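Trainee: Structure of the sequence below:
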Amino acid sequence: MEPRPDHQINLFELAIDAHRRSGLDFSKIDLSDSSSVSGLLGMEIKCPSVAEVRRESKTRVHEIFSSYDTLREILVRHEATIRKRWAKKSKQQRLKILTNAWPGMAAVHRPDFDVLRKELLRLQTMETQHREVFIWPYINQEDLSQPNALPMLLNARGRHHPSEFSAADNSAMHMGLIGKAIVPIFLNEYTMIMNGVTTPQDYGKLVSWKENPNAFNWLHTRRQYVPGEGLLVLEAQERLQIFLVDCCKQILHDIPADTLTSDAFPVEPEPKLLSRGPSTGFHSLTVMAAEAPYRVPAHLDLGRIVSLLDARTSAAEDHLWALREDPNYFAEQLRDAKEHRLEMIRDTENNIHPILKRGRETRLWARVIGNVVFNAYLELETFAQLRQQAQDLQRLQEKYRADIIPTKDLPEEYLFAILKFSYYVSQAAGGPIDQLRNETPASPPMAKFYVRQPPVNPTSSRIIFFLRRGVRMDKIEMQLIWALKTIWADGQALFLAGLPLILDELERLLQAEKKASELISGHVAAVIGDLSIISQCTNQLNLYLPWARAFESAQLERSDKIKQDFAEVTGPWAKIMAALKDTNLMHIAKIGDPSDKKFYYPLEKRRTKENTEALRKAENNLDNVWASVDRLIYSECGNLEGTALRKLLSQPRILQRTSEWVDEAPRVPKEQNKVLDHGARYKPLSTLYFGLPDTTINKPEDERKVKTKTKGTPQELPGTAINENTDGNNQRDDHPTSIPVDARSMKVFRTLFFNPEVTSTPGEIPWNDFLHAMTSTGLFSAEKLYGSVWQFQKSDGVGRIQFHEPHPRSRIPFTVARRYGRRLSRAFGWESEMFTLKQKANE
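Mentor: Modelled structure (predicted):
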């Protein structure tokens, strides 16, 4: 597995290191002289004296706390009034107040990102022209004119100490600082303290390295600030606090300024601030990201990381399970993967790829099958590994809870685990990024924009693609392609903005513009969803302040050990990838090619002898494919000891299979019918890795009832009863009870747990109906992540599951709905009989 590039940089350290390698006598450079430092760093740097820096700091700190005190006194008396008045104002009235308080305010959301997109190569020349947007990217008309953004910002900044925001304010300037659009002053041998400081006298104080032995370490570990960045934070806070006081005075224009904070107005209880969440009432990651700059900075939530990774790992297991169990799902995944391969793009001469020509289909399907199987295995390994590390972090956090103090370094064992997790997360992003690069251009909605070069030979797998010359794109199309290309190019723009911000802006575009959303296939939306989960892990680590500011340098110091560990863990993954190359899969491609309907699977139809035979034939064909894949992996990679794949395949999980048709079904006692699934037989997920002969096994005794698959009865076959989810991740209730639901939800659950022997084939389920059904049980809350991913969290906090919203049509086809039902049954033991219709209030 090739590691992703490390885009980590420290401007001063790189310059010093370069000059040291050049043999320059560094001791002769005057680091208090502007021209010397400018020459060293290759840019114009100001080097004020210690007295000048102290004077500027003292002046700004005085203004910050003066405005902070005023704002706090206004809010404790008038916050509810301010909110009511702001909510009643029109957008134009709000804009007038905002622009009066901040002349020249940027018009668009994230104006720094807008500049990056338009003028990436000229950032270093923009300090004067665009300095404001890089220091205060959250101060813009588009966001602040919304009903809740300004009230949230007032509440955060007026009721919480400025030191709580110093790290966040510094982080907001990241793009400008790294891109050199903002150039801080340079003052050597001093540290400015702000984090954790509670008194105005010490806030922004300069501490000499010579006078305080801890001062250099504070700077080295980045728990405090270099003076240049510290002054920028003070500048940002000073103007922001003045702006907020001005807005309050305009909103309360009828109250004389000298009485606003007087005892004439009593102190009122703090009002509850509502989120500007979507009208659907469900949580949204997009809304959370948009609101973050206007709230009190959040803190590291390892529980959220574990929740996301646990649900995604479970989804990866279910995906692999479905690929092995459901012939129709397997065929759909192959066809979808083929549709997104770069070979599907026409070349510069408008010719199809040679591999698509008659007689060469086997090699194409070998590549498709290898891609589908490897991606399924890689997703399982990646998210299982990240989940395990996140759980380890939770245990270490609890172990060292008493020693985790902002003024101290983190315990080494805990710090190393964080840095290791951070590195793995960074590398994990490479998988979805590669998928975006290799699958988005060929996706049906996007293929019209791209062409490829003709291959050097018909069997070459190397494909060079680029935008079609002369293709016309409107503004939305250009913004979408720029964002996607920024992610998959993994270059300067991604380094400057960071993956979380690019994903935030991509998702915002997809939510706001229907045309952009229509250009994203469901397959690509799922990849974006995976990338967003990984990005959320990065986001959470970045919240671990003040220590997060030093993670980059600390990781570099321990990089050899971390990379060695990564190489050992991912070694088996590389072997799997090598084993699944197309030349090894030619035989499997012949038996796995779905184009001849060998996986026709009429599961939704009422059982007849002919349909039953079709089901059995498709299942047998699928079992043959996976038996061949398992033999190949075993011969090339061994038993995969220590991998998540080995753990999954060797568990006593089961595949449900259709029994032979029997014309006369014997009578079965009603109580027995509740336990047995007549017409079905069972076998292990992998007979090779489970260590059983290729035969059927008895149904697990604790298995919930699933739907009847034939009118006949299963043959009595020997085997061992097995229990699913022996790894401890079983989320089922030991004693499921009746779940009362309304009529709208009942219709959904009857489709999810459909029985062809009882009802006729239902239609599609609108996605909003599915959301309503899941949440109306009172057992789940729903959260929209990025891409097509939704996470459903049980109200007890223990269980969670993820589903992909169908894209671009938000309707769940019956075949997909049935898979949803199977996953819910496996995860929570749900079955159709558990759902009862709620009684109306007057009944």
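
Trainee: quick one, helices of the stretch 501-650 of the chain?
Mentor: Remark: helices assigned in the stretch 501-650 of the chain by DSSP state H, counting those that start in this stretch are 514-518, 522-542, 551-557, 559-579, 586-592, 609-637, 644-649.

Trainee: for these, which one sits closest to Ser57?
Mentor: With CB to CB as the criterion, Ser57 lies closest to helix 551-557 of the helices of the stretch 501-650 of the chain, at 24.9 Å. C-betas here are computed from N, CA, C, even on glycine.

Trainee: centre of the chain versus that closest one, how much separation?
Mentor: When C-alpha coordinates are averaged (CA atoms, centre = their mean, to the nearest Å), helix 551-557 and its chain have centres 23 Å apart.

Trainee: Number the chain from 32, please
Mentor: All right, first residue 32 from here; so that's helix 582-588.

Trainee: Assign a three-state SS to Phe497, would you?
Mentor: strand (DSSP: H, G, I helix; E, B strand; the rest coil).

Trainee: Go ahead and confirm it touches Ile512.
Mentor: No: using CB atoms under 8 Å, Phe497 is not in contact with Ile512, being 11.6 Å away.

Trainee: quick one, which of these two is more surrounded?
Mentor: The residue with more neighbours, out of Phe497 and Ile512, is Ile512; 19 against 12, by other CB atoms under 10 Å.

Trainee: Mind checking the pLDDT average for the helix or strand harbouring the more buried one?
Mentor: Using DSSP states H and E, Ile512 sits in helix 506-520. Taken as a whole, helix 506-520 has an average pLDDT of 92.

Trainee: low-confidence ranges in the chain?
Mentor: Applying pLDDT under 70 to the chain flags the ranges 32-74, 151-160, 305-313, 521, 695-715, 718-767, 787-792, 871-874.

Trainee: Strands along that one, start to end?
Mentor: Taking DSSP state E as the criterion, the chain contains strands spanning 221-224, 236-239, 314-315, 481-483, 496-498, 685-689, 711-715, 770-772, 796-797, 811-815, 820-825, 831-835, 842-843, 866-868.

Trainee: Redo these as JSON lines? Include distance to Ile95.
Mentor: Formatted as JSON lines, the strands of the chain follow (distance: least, CB to CB, whole Å):
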{"stretch": "strand 221-224", "distance to Ile95": "14"}
{"stretch": "strand 236-239", "distance to Ile95": "13"}
{"stretch": "strand 314-315", "distance to Ile95": "33"}
{"stretch": "strand 481-483", "distance to Ile95": "51"}
{"stretch": "strand 496-498", "distance to Ile95": "48"}
{"stretch": "strand 685-689", "distance to Ile95": "64"}
{"stretch": "strand 711-715", "distance to Ile95": "66"}
{"stretch": "strand 770-772", "distance to Ile95": "54"}
{"stretch": "strand 796-797", "distance to Ile95": "52"}
{"stretch": "strand 811-815", "distance to Ile95": "36"}
{"stretch": "strand 820-825", "distance to Ile95": "39"}
{"stretch": "strand 831-835", "distance to Ile95": "42"}
{"stretch": "strand 842-843", "distance to Ile95": "53"}
{"stretch": "strand 866-868", "distance to Ile95": "58"}
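
Trainee: Indicate which one of these is closest to Leu525.
Mentor: Set against Leu525 and scored by CB to CB, the strands of the chain come closest in strand 496-498, at 18.5 Å.

Trainee: gap between the residue nearest to His835 when sequence neighbours are not counted and Leu511?
Mentor: Nearest non-adjacent residue to His835, counting by CB to CB, 6 or more residues apart in numbering: Ser819, 4.3 Å away. Distance, Ser819 to Leu511, using CB to CB, to the nearest Å: 16 Å.

Trainee: Mind jotting down where the helices sit in the stretch 732-874 of the chain?
Mentor: Under DSSP H, counting those that start in this stretch, the stretch 732-874 of the chain gives helices at 774-783, 798-807, 845-859.

Trainee: Can you lay out those helices as a markdown table showing mean neighbour count?
Mentor: Formatted as a markdown table, those follow (neighbours: other CB atoms under 10 Å):
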| stretch | mean neighbour count |
| --- | --- |
| helix 774-783 | 19 |
| helix 798-807 | 20 |
| helix 845-859 | 20 |
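
Trainee: Quick check: which of those helices is nearest to Phe405?
Mentor: helix 845-859 (21.7 Å).

Trainee: next one: the closest one to chain centre, how far?
Mentor: 23 Å.

Trainee: Compute the number of surrounding residues for Val482.
Mentor: 20.

Trainee: ditto for Leu816
Mentor: For Leu816, using other CB under 10 Å, the count is 25.

Trainee: dump the residue contacts of the residue nearest to it when sequence neighbours are not counted.
Mentor: Excluding its sequence neighbours, the residue lying closest to Leu816 (CB to CB, 6+ apart) is Leu316, at 4.9 Å. Counting by CB atoms under 8 Å, 6 or more residues apart in numbering, Leu316 touches Glu538, Ser563, Gln567, Glu814, Lys815, Leu816, Tyr817.

Trainee: now those residues as JSON lines including distance to Glu220?
Mentor: Below are those laid out as JSON lines (distance: CB to CB, whole Å):
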{"residue": "Glu538", "distance to Glu220": "44"}
{"residue": "Ser563", "distance to Glu220": "43"}
{"residue": "Gln567", "distance to Glu220": "39"}
{"residue": "Glu814", "distance to Glu220": "48"}
{"residue": "Lys815", "distance to Glu220": "50"}
{"residue": "Leu816", "distance to Glu220": "46"}
{"residue": "Tyr817", "distance to Glu220": "45"}
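
Trainee: Please pick the buried ones from those.
Mentor: Buried members of those, counted by 16 or more other CB atoms under 10 Å: Glu538, Ser563, Gln567, Glu814, Lys815, Leu816, Tyr817.

Trainee: Show me which of these is closest to Thr90.
Mentor: For these, the nearest to Thr90 is Gln567 (39.9 Å; CB to CB).

Trainee: Next, count neighbours for the closest residue to the closest one other than its chain neighbours.
Mentor: Counting by CB to CB, 6+ apart, Leu339 is the residue found nearest to Gln567 once chain neighbours are left out, at 5.9 Å. By the measure other CB under 10 Å, the count of residues near Leu339 is 28.

Trainee: Glu242 too?
Mentor: Counted with other CB under 10 Å, Glu242 comes out at 8.

Trainee: now swap in Val276 and tell me
Mentor: Other residues near Val276 come to 23 when the count uses other CB under 10 Å.

Trainee: How about the one 3 residues further on?
Mentor: Number of residues near Cys279 (other CB under 10 Å) recorded here: 26.

Trainee: Which residues are in contact with the residue nearest to it when sequence neighbours are not counted?
Mentor: Closest residue in space to Cys279, ignoring its immediate chain neighbours: Ile105 at 5.0 Å, by CB to CB, 6+ apart. Contacts for Ile105 (CB under 8 Å, 6+ apart) come out as Ile113, Gly189, Val276, Cys279, Leu283, Leu291, Thr292.

Trainee: now, which of the residues you listed sits nearest Tyr665?
Mentor: Distances from Tyr665 to the contacts of Ile105, taken by CB to CB, are shortest for Gly189, at 64.3 Å.

Trainee: ok now do the closest one, which residues does it touch?
Mentor: Tyr99, Leu102, Arg103, Ile105, Leu106, Glu110, Leu275 are the contacts of Gly189 under CB under 8 Å, 6+ apart.

Trainee: ditto for Ser717
Mentor: Arg355, Trp657, Asp661, Leu680, Ser681.

Trainee: Might you report the residue contacts of the residue nearest to His835?
Mentor: Ser819 sits in contact with Gly553, Ala556, Ala557, Ile559, Gly560, His835, Glu836, Pro837, His838, where contact means CB under 8 Å, 6+ apart.

Trainee: I'd like to know how far the last one sits from Phe785.
Mentor: So the one you mean is His838. His838 is 23 Å from Phe785, where distance means CB to CB.
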